[in-house]
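**Q** I'd like to go over a predicted model; first the sequence, then the structure.
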2 protein chains.
Amino acid sequence: MSEAGRTRGSYAKTAERRLEIIRAGIDVFSNSGFRSGSIREIAERVGMSQAGLLHHFSNKAELLSAVLTLRDEHSLELMPTGEATEGFEFLIGLVQVAEYNQTVPGLVELHCVLSAEATAADHPAHQYFIDRYRYVVGSTERAMTRMAELGQLRPDVDAGSAARALVALMDGLQVQWLLDRESVDMADETKRFIRAILAEGVSDERLA
Amino acid sequence: MSEAGRTRGSYAKTAERRLEIIRAGIDVFSNSGFRSGSIREIAERVGMSQAGLLHHFSNKAELLSAVLTLRDEHSLELMPTGEATEGFEFLIGLVQVAEYNQTVPGLVELHCVLSAEATAADHPAHQYFIDRYRYVVGSTERAMTRMAELGQLRPDVDAGSAARALVALMDGLQVQWLLDRESVDMADETKRFIRAILAEGVSDERLA
DNA sequence: ATGAAAACCTAGTAGTCATTCGGTTTTTGT
DNA sequence: ACAAAAACCGAATGACTACTAGGTTTTCAT
């Protein structure tokens, strides 16, 4: 049997090892960005040689891609799952994301540094961030449009603009928070924004 | 006379040359950040050797400082001058800054990339950005407090929060705009935010 | 237990980087 | 016109970078 068994698959602890590397990659890319962050330092953090690391990720950009993917998986877990989400629910999810972010400065830094770096057209994560913003702003807009249908949105608020603004607000707060954590409460500012676009009479209580 | 004339001052065209270097520095640091942007490339752009450049700026951080200073001078010119500014005037100034920014992507990129990079505590511009945000958010808050006194601010809006949010919004919009210039109108979104915090009955007309 | 692939290493390649040294050319006040 | 400082350059230093070639060790299915 075994038609010329071409591969044997990886060892038992390989997946775990890759995770260690990705996590170290998050640390290093957060502090130094992708371009300045070095594979050598990442390898050092997991007690491995550069060449050893490059056995798992064949080049630097591939490691970056794995880092971004892992981050996406984490943040998607925090958001209420797609279908069940009816407008307002989604915005509450965003507040929860802001709250969670305040416990993981490394991930916040990763996002800020990489998204800014990736505005350069030749950056390996350039298209990733274009797609990501389209997706995030789009989802938020859909939630707000639904709220408008339910009469939960202030009638003079445009769903598209408010969605883009909310995402921009959350991003901008991250930079300010990283620079001065005591003075900035990202979740609180996010709540205030959301409260401000609610139609009169819509219950605040879920934005404790 | 001339008590042992210690220095002779620089040549006639030196100031101009320094400006050329700073402008090239803006270009390079915008695209690659401070850490990855190279003195060699900056020197090349002004047709000069690395060593020649380092005659004008004794090291890389000093060049960065000159770059940031020049940018500050430019953006201060756009804001209505301090004293004369009565609340609302200041916010209109911010809209003008957003409008201006849409004509200078290089400067916008510089701000986004460097402010993110400088969240790292050991970055040479770290303290600069801490101070800058304190100043900008502080000025905006003062303008909004004045507006509140004049009854121009929606009574349920907190001046401090709204100020921080407006600055964050403008920053966040910059990243989105850099990634997708057709889809994002920074000045328009800024206006919408400002309109949304105006007290009822306050005239919109100055936010064309 | 054994053979083969996966995991990992050392050493090297070919490049980059900021900064310094010592010298040459250009400008400029006298 | 001349001397001294400013402006600038070539070359070197030492340290860094991503990535590769070729070899050794570890794991694991048979």
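**A** Noted; the coordinates are in hand. Numbers count the residues shown, from 1 in each chain, chains lettered A, B, ... in the order given.

**Q** Most proximal residue of chain A with respect to DNA strand C?
**A** Nearest residue of chain A to DNA strand C (Cβ to the nearest atom of the strand) works out as residue A:52 at 2.4 Å. Every residue, glycine included, has its C-beta placed from N, CA and C.

**Q** isn't that residue right up against residue A:42?
**A** No. Contact criterion Cβ atoms under 8 Å: residue A:52 and residue A:42 do not qualify, at 11.0 Å.

**Q** the more surrounded of these two?
**A** residue A:42 (26 against 13; other Cβ atoms under 10 Å in any protein chain shown).

**Q** So which bits of chain A are right by DNA strand C?
**A** A:7-11, A:14, A:17, A:47-52, A:55-56 (Cβ under 7 Å from any atom of the strand).

**Q** Show me how chain A divides into domains.
**A** Domain assignment of chain A by automatic domain parsing yields the ranges A:12-67, A:79-208.

**Q** Let me know whether the shortest one sits next to DNA strand D.
**A** Read it as domain A:12-67. Yes. Using Cβ under 7 Å from any atom of the strand, we find that domain A:12-67 touches DNA strand D at A:12-13, A:37-41, A:50-51, A:54, A:58-61.

**Q** what residues are up against the residue of chain A closest to DNA strand C?
**A** Neighbouring residues of residue A:52 by Cβ atoms under 8 Å, 6 or more residues apart in numbering or on different chains: residue A:43.

**Q** Distance from the chain centre to the strand or helix carrying it, please.
**A** Following DSSP states H and E, one finds residue A:52 within helix A:50-56. The chain centroid and the centroid of helix A:50-56 are separated by 26 Å under Cα atoms, centre = their mean, to the nearest Å.

**Q** Could you list the buried residues of it?
**A** Buried residues in helix A:50-56, counted by 16 or more other Cβ atoms under 10 Å in any protein chain shown: A:53-54, A:56.

**Q** In PyMOL, how would I select the buried members of the residues of domain A:12-67 next to DNA strand D?
**A** In PyMOL, a selection of the buried entries from the residues of domain A:12-67 next to DNA strand D looks like this (16+ other Cβ under 10 Å):
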select buried, chain A and resi 37+39+54+60
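
**Q** which one among the residues of domain A:12-67 next to DNA strand D gets closest to residue B:206?
**A** Nearest to residue B:206 among the residues of domain A:12-67 next to DNA strand D: residue A:37, at 45.9 Å, using Cβ to Cβ.

**Q** Name the next helix or strand downstream of the strand or helix carrying residue A:170, please.
**A** Using DSSP H and E, residue A:170 sits in helix A:159-179. With elements assigned by DSSP H and E, the helix or strand that comes after helix A:159-179 is helix A:186-197.
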